[in-house]
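In: Pasting a predicted model and its sequence here:
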Amino acid sequence: TSTPSSTSFSAWDYVVFTLMLVISAGIGLYFAFTGGGQRSSADFLVGGRSMTAVPVALSLTASFMSAITVLGTPVEVYQYGAIFILICFAYVLMVVVSSEIFLPIFYRLGITSTYEYLEMRYNKVIRLIGTVLFIIQTGGLKAVVWTDVFQVGIMLAGLLAVIVQSVLLQGGVSTIISDSTQGGRLNLWDFDPNPLRRHTFWTIVVGGTFLWTSVYGINQAQVQRYISCKSLFHARMALYINLVSLLAITLCAVFSGLCLYSVYKNCDPWTAGMVSAQDQLMPYLVLNILKKYPGVPGLFVASAYSGTLSTVSSSVNALAAVTITDLMRPYLSLSDKQLSWASKGMSLFYGVVCIGMAGLASLMGGMLQAAISIVGVIGGPLLGLFSLAVLFPCANSKGGLAGLLCGLALSLWVCIGAQIYHPLPENNRPLDLSTHGCNLTLPVDGLNWTIGPTERTKDDFVQKEENLDRPWLADNWYSLSYLYFCPMGTLAVIIVGLIVSVFTGGRQLKLQPGLTLSKEDLTCYKAYNALKEKITGSSGKLDLAQELEKTFGKTNLVFCDVELSAQTPKIYT
């Protein structure tokens, strides 16, 4: 049985939490005043392009591993199962696509804002539209990077504290796995191709790949980080090291969700009314199982705040970068020093705006799903716009603009419809929650009432929704998995953009060198050339005899002196 317990901070919890905030602020102040002399806007916005792979990799991880990861992912697993762990496959594909397709272009051009590329490839109008869309969607860079390094450590520490104590409390990892299996939480392999299902292998891997590529491949907050590296090699390594961090944090968050279910499998605090929202389940668990360790609950709350701070710091710096580069520099004659001060001023401005919006959001409630959807709704068409520019030399500005508008209209249509008509539980498939093990009495309006055994199942939600009058679009088009918002917008931009470009003279378009992806940009092509040079002599002859001698210990004379040529090879005997 479960009983209510103290759910308040101790003095040590406040000390730990405050210390985290002070250290984060101290790192920012250190680099603001002594961090290598950020005299120019380039120093402030891209770290003077002198960063190395490891700190940038951790910063890439922290930038979009927010409080949603620390608080939301465990609750997702608690309610819907551990199938969300398949997002790890999407991370792998995302890193490969980002490092091979988008990174070489942005790094070669040496740009500060990704939207500078849109003007080079299309025109100024599309650049401004891209900048505005990013601002809707969404210290100097060195300060942000090193602050993120600290904060990603705090996030991991908080999650690990929950895991270790839960394992000890439940009697071992095997107990947690057994409870999760019996509760249906280990629902990993669901290959249902139905696009209306909220989470399947296909929606998570395919939709997640597009979604996270729109973040790591073209989002200003992330691109600004890896182009701050001192070489293309360091930038690529930063992305791959970041992959390891992403996998580690996701695995910890998913296992924390299994721990959460194991502890509360017989007494769901949300159904029992101990918490008013599911987002409060993880803090509630921490205060229940870690309260005897002074400062540890404060560490977990600090980890959630660290995730939020890292995301906000990234967004604020990126917003300042695109505002200065795309909206001010082209129209105002400012010195580099003036631009640097303007960058810091814009960072302060956007920080104040974020604080104001946070206060407004606290009054609105229920906006989490809408906020997550915005990433796909805006990021999908932007990913399509950049993909069209990078991969298709025939794409012109008319095609890019037409595709972007169509992609945005399509994404917004389905997203707004999904907010009005929520998908049926038969597509979401929430798992059963129970209060059969609860035995507690709570005071309500001066009276005492006792919670009896109850169970919240998906059938309860289905019956409630079936009584509503829903149009055909609500159960089909508007019920599309939210993870497909992004790929739908991306593909719409590419398809419409190519069609319009072909019919508006795109095939006669002449581009400057370096604006589109070439085979020389691909790591696999470079590896092929390196291997070819290794076994090919400087005379242009392939010394197969020497290679055979190494393998078999003797020479096969039939293959001696094979001369390489672009035409039909000649064999001399």
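Out: That came through, no problem. Numbers count the residues shown, from 1 in each chain.
In: use CA for all of it now, contacts and neighbours both
Out: Fine.
In: Give me the domain ranges for the protein.
Out: Listed domain ranges for the chain are 11-508, 519-563 (source: automatic domain parsing).
In: Can you show me the strands along this protein?
Out: Counting by DSSP state E, one finds strands in the chain at the ranges 433-434, 441-444, 447-450, 455-456, 541-542, 562-563.
In: still on that earlier bit, worst average pLDDT in the domains of the chain?
Out: Lowest mean pLDDT within the domains of the chain: domain 519-563, at a mean of 63.
In: Need the winner for burial among the domains of the chain.
Out: domain 11-508 (a mean of 20; mean count of other CA atoms under 10 Å).
In: Now Ser397. Nearest residue, chain neighbours left out?
Out: Spatial nearest neighbour of Ser397, chain neighbours left out: Tyr122 (4.6 Å); criterion: CA to CA, 6 or more residues apart in numbering.
In: so who does the one you found touch?
Out: Taking CA atoms under 8 Å, 6 or more residues apart in numbering, we find Tyr122 in contact with 389, 396-397, 400.
In: end-to-end on stretch 204-212?
Out: Terminal residues of stretch 204-212 lie 11 Å apart, using CA to CA, to the nearest Å.
In: what sits up against that stretch?
Out: Contacts of stretch 204-212 (CA under 8 Å, 6+ apart): 84, 86-87, 89-91, 93-94, 375-376, 379-380, 483-487.
In: Let's see that with 6 Å instead.
Out: Outside stretch 204-212, the residues within contact range by CA atoms under 6 Å, 6 or more residues apart in numbering are 87, 90, 94, 376, 483-484, 486-487.
In: Adding distance to Ala11, write the residues you listed out as JSON lines.
Out: Shown next, in JSON lines, are the contacts of stretch 204-212 (distance: CA to CA, whole Å):
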{"residue": "Ile87", "distance to Ala11": "38"}
{"residue": "Ala90", "distance to Ala11": "42"}
{"residue": "Met94", "distance to Ala11": "43"}
{"residue": "Gly376", "distance to Ala11": "41"}
{"residue": "Leu483", "distance to Ala11": "42"}
{"residue": "Tyr484", "distance to Ala11": "46"}
{"residue": "Cys486", "distance to Ala11": "45"}
{"residue": "Pro487", "distance to Ala11": "48"}
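In: of all the residues you listed, which comes closest to Cys415?
Out: Of all these, Cys415 sits closest to Gly376, with 9.3 Å by CA to CA.
In: Might one say that that closest one is in contact with Cys486?
Out: Yes - if you go by CA atoms under 6 Å, Gly376 and Cys486 touch, sitting 4.2 Å apart.
In: How about Val125: what's its closest non-neighbour residue?
Out: Per CA to CA, 6+ apart, closest to Val125 is Glu119, 7.7 Å.
In: can I assume the one you found is in contact with Ile129?
Out: No - counting by CA under 6 Å, Glu119 does not reach Ile129; the two are 10.5 Å apart.
In: roughly how far apart are the closest residue to Ser343 other than its chain neighbours and Thr131?
Out: Spatial nearest neighbour of Ser343, chain neighbours left out: Ala320 (5.7 Å); criterion: CA to CA, 6+ apart. Per CA to CA, Ala320 is found 11 Å from Thr131.
In: Next: Ala11.
Out: Counting by CA to CA, the separation of Ala11 from Thr131 is 45 Å.
In: Repeat that for Leu239.
Out: Plainly put, Leu239 is 24 Å away from Thr131 if you go by CA to CA.
In: got it, and Met488?
Out: The gap separating Met488 from Thr131 is 21 Å, by CA to CA.
In: Quick check: the gap between Gln222 and Leu58.
Out: In terms of CA to CA, Gln222 sits 11 Å off from Leu58.
In: hang on, I meant Thr175
Out: 33 Å.
In: again with Thr435
Out: Taking CA to CA, one finds Thr435 at 40 Å from Leu58.
In: And Thr112, by the same measure?
Out: Per CA to CA, Thr112 is found 20 Å from Leu58.
In: same check, this time on Thr490
Out: Note on Thr490: its distance to Leu58, by CA to CA, is 28 Å.
In: try Lys124
Out: To Leu58, Lys124 is 34 Å away according to CA to CA.
In: Repeat that for Gly273.
Out: 38 Å.
In: ok, so of the contacts of stretch 204-212, who is nearest Thr536?
Out: For the contacts of stretch 204-212, the nearest to Thr536 is Met94 (34.6 Å; CA to CA).
In: re the thing from before, what is the nearest of the contacts of stretch 204-212 to Leu473?
Out: Tyr484 (16.2 Å).
In: quick one: the closest one from Leu410, how far?
Out: Distance from Tyr484 to Leu410, by CA to CA: 12 Å.
In: now do Asn219
Out: Relative to Leu410, Asn219 is positioned 21 Å away (criterion: CA to CA).
In: Which residues are in contact with Val16?
Out: 295, 298.
In: Could you do Ile420 as well?
Out: Ile420 neighbours (CA under 6 Å, 6+ apart): none.
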